[in-house]
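Engineer: fold the following for me, if possible:
(one chain, ligands or ions: 3)
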Amino acid sequence: MRSEESSTVAVKDTLHHVLTVEDPKGFRNFLLNNTTYSLGRSLDNTIILRSNLVSRQHAVLLAIANLKDKSYIFRIIDGSHSGTRSTNGILVNGKKRLSHVLAHGDQILFSKDTRAVYQIVSTLSKTPIYKSPKNNNINTDTLAGQLLGNSHFVQYSPLQAIAERDLPLRIRDTINQFKASPEINSQPIIELNLVGKILYLNPAVLSQFPDLDSFGLNHPLLKELLLQLIPLVNPVQNIFVREVAINGKVFEEVIHFMPWNEVIRIYVSDITKQKQAEAIISYQIHYDSLTGLPNRKYLQEYLVKLVKTAQPPLPRFAIVLLDINCFKLINDSLGHSVGDLLLQAVGDRLKEILRADDLLVRWGGDEFAIVVQNIDSNDAASQIAESIIQSLTLPFSCVGHELHITTSVGASIYPDHGNRVESLVDNADMAMYRAKTEGRNSFQFYIPNMQEQSFQRLAMENNLRRALDNEELETYYQPQIDLTTGQIVGVEVLLRWKHVTLGSISPSKFIPLAEETGLIIAIGNWVLRQACLRAIAWQELGLPPIQIGVNLSIKQLQQKDFLVSLKQILDETNFDPHYLELEITEGIMMNQVEAKVILLNQFREMGIKLSLDDFGTGYSALSYLKNLPIDTLKIDRIFIEYITHNEHDRVIVSSLINLSHSLGLTVIAEGAETQEQVDLLRVLGCDQVQGFIFYKALSADEIECLLRAQGGTKPCDLDIQ
Ligand code: C2E
Ligand code: CA
Ligand code: CA
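Structural biologist: Ligands and ions are numbered 1, 2, ... in the order given. Okay, here's the model as predicted:
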C-alpha cells in the first residue's frame, strides 16, 4: 500500500506533478503547478475531460502544502468546487473515493472511457511520461509544450468594477509612480485604446512577457479583455479588476479606463503566491488535518447549500452522527498517537462502506458525521447506520494494539426532522445522545418528542434515586457450572430493577445512568452487602459453599474510599472474603494502570478473587493478562455465540484458554446457549460455563433450592428451565 508519506518524500527532490489524461479524443499531459484544478466535461473546467460519460464538473484537484519542506502534494476530490458530487464518482486504483491524496502512479478512472495517471517527475525532459496500454501512441504534447501556453491553461475571472479607494495599496503606489516615471516601474504596465491598439508597454512588460508585443491582443494577458470590458465601461465606473491564470501562474490585472482620452491602462501583478496561500488556507479551514476528511465547517456550508438549493419535491437526506464510546480512555492510556491512528483508521473504514455520493466528515474529537443523500425511506438510513456500527465492531490494529471500539449513532432526516441546518444537526445530536444512553453500538433516529424524552430520562434518574429506598432493586444470581463435574461452583450477582409502572428494567439500561449520575456508588455498595448477606444465609443453611461474583463499575473503583467501604461491608456482614469474586472490566486498565494494580493487589491480599469480565468486547490486550493480578478470565458472549460455526472465534477462544491456563487463571465462558457450544468448550479445556443453556439469573430462593439438591439434602423440584 502506498502511504501519503511516500508521495511527500517524492516531492522533496522532484518538482513536477503531472497528470496524464486519456479520453476518447486522445492523451494530454498537464503539468500541475497551480493550487486548484477543476476537471470535467464542461468547457469552463481547467482540465476538460472530452467524454460524454463524465460529469460536467467531475472532480477537483487541490494542492496541499507541506509546510515543513515547502513541497506540496495533490488531493483529488470527487465533484465540483462547490461540493456537488459527480454522477458516477471516481475510482482511484480501482477503489471508489470521495477524496484521496494522490501518490506517484495512481490511476484515476472518471468513466469507462476517461482516465488519468498521476506522476511526479524530476525533470521536464523525462516526457513522454505515460503510454497507453491499449495503443502505443506516445503523446506529442510535451510538458514543455504545456508550459509555453495551451488554451487549457488560460483562465479568466469575470471583470469586476472596483472603486478607486478600494484599490490594493500596491496598485495605488504604482499609479502614483506611473505618473512620475513609468519607465522605471517594476510592475508591468500596458496601455491600449478601445479598438485594441497597444499604445504603450513599459520595460517591465517587455522583460516579463517578451512575447506580448508579438502576440498583441492574442496574448493571454489581453485576450478577451476588450470583450469583457466594453459592455461595462462608463465615465463613472472606470476601474476594473480581473484575474488571469496562465500556465499555473495567476495574474491580477487592474484595468483603468480613462474616459477623457479613451485609453485603457492595465497594471499587472503576479498574485500566484497569494492565490496559493488562499487555497491552502481555505483547505485548512475546511479539512481536518489528521484524517484529511472535510471538517465541521465544510459540512455546515455543504448542508446550507444543499438545503438552499433543494426544490420540491424535496430530496430526502440523512445526517448521521457517530461517536466513539470511551475514546478518551484509549487516548489517556495508550497515548494520543495511538488515539490519532485509531481515528484515521475509523475514518478509512467508514470511507470504504459509504456510497460515492455520501459525505463523510470529521465532526470533531471522536465524532464523525455522514450525510447520506437520496434516501427513499427511514429504513435506508437505518440500514446504513447499522452497517456503520457493524463495520466498526471489527477490531482495529494500531501499532501492535488490537483495539475494539463501540459506537453510538444518531440520525435526523431532511425535511422530516427539520428544514434548517441547525435544527437538523441538533436533532441528530440529540438522537446520538439518546443512543449513548441505550448502551453500546446503538442507533437512534431523532423522534420529534425527544426533548420530552430527556425529561423522561430525568424522571428515570429521580426514580432510580428512589428505587434504592423503595426496595425496587433486587439481586438475582446466575449459576456458573464446572464443566468437568457439572456442579454449580459459583454464581454471578445480577441486578434487577422492578419498577412499579415500567416493570423489570434491564441493568444495561440503568447502570449507565447510575454511573453518569454517581448513583452507582450507593447502588454498588447495596449490591455488595446484599450478596454477602445472601451467601452467608446459604452457608448458615449448611449448603455447599460457592463463589459469589459481584460486578464492579469503574466508577466504584475510582472512588477514593472504595477499599474502606468494601472492608466495612465484609466486617459488618462477617463474610469470608475468600468466597467473594469481584468482576472488573478491561476498561479499568485504560488509565492510571499502576494505581489500579496496587488497589487490585490490596483486594487479593484480603483474600478476594478477581475476574476480568467481558473479555473481548473492550480493549482486549493479551499482554495485560500477564500483568494483571486476576484469578479468572470471563470470555465474552460475542466469542461464544458463533464458536461452533466460526473457525476464527474458535481459534481465539482456544488460544485464550491455553494462555489463561499457562498464567494459572480459571476460564469462564459467558453466554453459552447450546449443547454444541458446551461440548466444544469442554473439548477446548474451558473450566466453567455461565449461560442460558444451564440457567438464567435466578432468585435467591431458586438458588437455595438448587444448592440443596446439589448438596444431596433435598431434590429441587422448582421449574427452573
Ligand atoms: P455481565 O456482567 O456481562 O453479565 C452477564 C449478562 O449476560 C447478564 O445480563 C446475563 O443475564 C446475560 N447472559 C448470561 N448468559 C447468557 C446467555 O446464555 N445468553 C444471553 N443472551 N445472555 C446471557 P444482565 O443481567 O442483563 O446484565 C447486563 C449487564 O449489566 C452485566 O453484564 C453487567 O455489566 C451489568 N450489571 C448487572 N448487575 C450489575 C451490578 O450489580 N453492578 C454493576 N456495576 N453492573 C451490573
Ligand atoms: Ca459480569
Ligand atoms: Ca460479562
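
Engineer: so which helix or strand of this protein has the lowest pLDDT on average?
Structural biologist: Every helix and strand of the chain was ranked by mean pLDDT, DSSP states H and E. The lowest is helix 143-147, at a mean of 26.

Engineer: roughly how far apart are E253 and L656?
Structural biologist: Using C-beta to C-beta, to the nearest Å, one obtains 72 Å as the distance from E253 to L656. No exception for glycine: its C-beta is placed from N, CA and C like everyone else's.

Engineer: nearest to the middle of the protein, which residue? Look it up for me.
Structural biologist: G347 (3.7 Å; C-alpha atoms, centre = their mean).

Engineer: just say helix, strand or coil for that one.
Structural biologist: Following DSSP: H, G, I helix; E, B strand; the rest coil, the label given to G347 is helix.

Engineer: return the nearest residue of the stretch 601-721 of the chain with respect to ligand 2.
Structural biologist: Closest to ligand 2 within the stretch 601-721 of the chain is D613: 4.2 Å, counting by C-beta to the ion.

Engineer: list the contacts of E243.
Structural biologist: Residues touching E243, when contacts are defined by C-beta atoms under 8 Å, 6 or more residues apart in numbering, comprise Y156, S157, V250, F251, E252, E253, I271, K275.

Engineer: how about the fifth one, what does it touch?
Structural biologist: For E252, the contacting residues are V241, R242, E243, V268, S269, I271, by C-beta under 8 Å, 6+ apart.

Engineer: would you list those in a markdown table and tack on secondary structure, distance to E594 and pLDDT?
Structural biologist: Below are the contacts of E252 laid out as a markdown table (DSSP: H, G, I helix; E, B strand; the rest coil; distance: C-beta to C-beta, whole Å; pLDDT from 0 to 100):
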| residue | secondary structure | distance to E594 | pLDDT |
| --- | --- | --- | --- |
| V241 | strand | 65 | 88 |
| R242 | strand | 66 | 90 |
| E243 | strand | 61 | 90 |
| V268 | strand | 67 | 92 |
| S269 | strand | 62 | 89 |
| I271 | coil | 58 | 83 |
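
Engineer: show me the contacts for N463.
Structural biologist: Listed by C-beta under 8 Å, 6+ apart, the contact set of N463 reads H499.

Engineer: so where do the strands sit in the stretch 51-200 of the chain?
Structural biologist: Taking DSSP state E, counting those that start in this stretch as the criterion, the stretch 51-200 of the chain carries its strands at 59-66, 71-78, 90-92, 95-97, 99-101, 107-111, 114-121, 154-156, 160-161, 189-193, 198-201.

Engineer: now for G664, how many residues are close by?
Structural biologist: 8 (other C-beta atoms under 10 Å).

Engineer: how about G503?
Structural biologist: Applying the criterion other C-beta under 10 Å, we find 8 residues in the vicinity of G503.

Engineer: show me what it bridges to in the sheet.
Structural biologist: Judged by DSSP bridges, the bridge partners of G503 are H499.

Engineer: how far away is it from Y695?
Structural biologist: Using C-beta to C-beta, we find G503 at a distance of 22 Å from Y695.

Engineer: mind giving me the domain ranges of the protein?
Structural biologist: Using automatic domain parsing, the domain parsing of the chain gives 15-122, 145-276, 287-448, 459-711.

Engineer: what's the mean pLDDT across the shortest one?
Structural biologist: The average of the pLDDT scores along domain 15-122 is 86.

Engineer: next: stretch 342-358.
Structural biologist: Per-residue pLDDT over stretch 342-358 has a mean of 92.

Engineer: which positions in the chain make contact with ligand 2?
Structural biologist: The chain comes close to ligand 2 at residues N551, E583, D613, as judged by C-beta under 5 Å from the ion.

Engineer: those residues in helices, which ones?
Structural biologist: Taking DSSP state H, every one of these sits outside helices.

Engineer: most neighbours among those residues, please name it.
Structural biologist: Most crowded among the residues of the chain next to ligand 2, counting by other C-beta under 10 Å, is D613 at 24 neighbours.

Engineer: so where does the residue of the stretch 401-550 of the chain at minimum distance from ligand 2 fall, helix or strand?
Structural biologist: Taking C-beta to the ion as the measure, the stretch 401-550 of the chain has E492 as its residue closest to ligand 2, at 5.6 Å. Secondary structure assignment for E492, by DSSP states H and E: strand 488-499.

Engineer: spit out the contact partners of L483.
Structural biologist: L483 is in contact with V678, L681, R682, C686, D687, Q688, V689, counting by C-beta under 8 Å, 6+ apart.

Engineer: now, those residues that are in strands?
Structural biologist: Where those overlap with strands, as defined by DSSP state E, the overlap consists of Q688, V689.

Engineer: phi, psi of I255?
Structural biologist: Its backbone dihedrals place I255 at phi -110, psi 120, with angles given as degrees, to the nearest 10.

Engineer: run through the bridge partners of it.
Structural biologist: Legend: beta-bridge partners of I255 under DSSP bridges are F240, I266.

Engineer: wait, it sits on Q237?
Structural biologist: No. Taking contact to mean C-beta atoms under 8 Å, the distance of 11.4 Å between I255 and Q237 leaves them out of contact.

Engineer: more neighbours: which of these two?
Structural biologist: Just comparing I255 and Q237: by other C-beta under 10 Å the higher neighbour count belongs to I255, 25 against 12.

Engineer: need the contact list for the more buried one.
Structural biologist: Contacts were defined as C-beta under 8 Å, 6+ apart; by that measure I255 touches L159, L225, L229, I239, F240, V241, R242, I264, R265, I266.

Engineer: when you check ligand 3, which of those residues turn up near it?
Structural biologist: When contact is defined as C-beta under 5 Å from the ion, the contacts of I255 do not meet ligand 3 at all.

Engineer: returning to that earlier point: neighbours of the residue of the stretch 401-550 of the chain closest to ligand 2, how many?
Structural biologist: Neighbour count of E492, defined by other C-beta under 10 Å: 24.

Engineer: go through the strand holding E492 and flag the buried ones.
Structural biologist: The neighbour-count check on strand 488-499 (16 or more other C-beta atoms under 10 Å) flags I488, V489, G490, V491, E492, V493, L494, L495, R496, W497, H499 as buried.

Engineer: so what does the longest helix belonging to the chain touch, helix or strand wise?
Structural biologist: In the chain, with assignment by DSSP H, the single longest helix is helix 519-540. With contacts taken as 3 or more C-beta pairs under 8 Å, 6 or more residues apart in numbering; DSSP states H and E, helix 519-540 sits against helix 450-469, strand 473-482, strand 488-499, helix 507-517, strand 547-551, helix 554-558, helix 562-573, helix 700-711.
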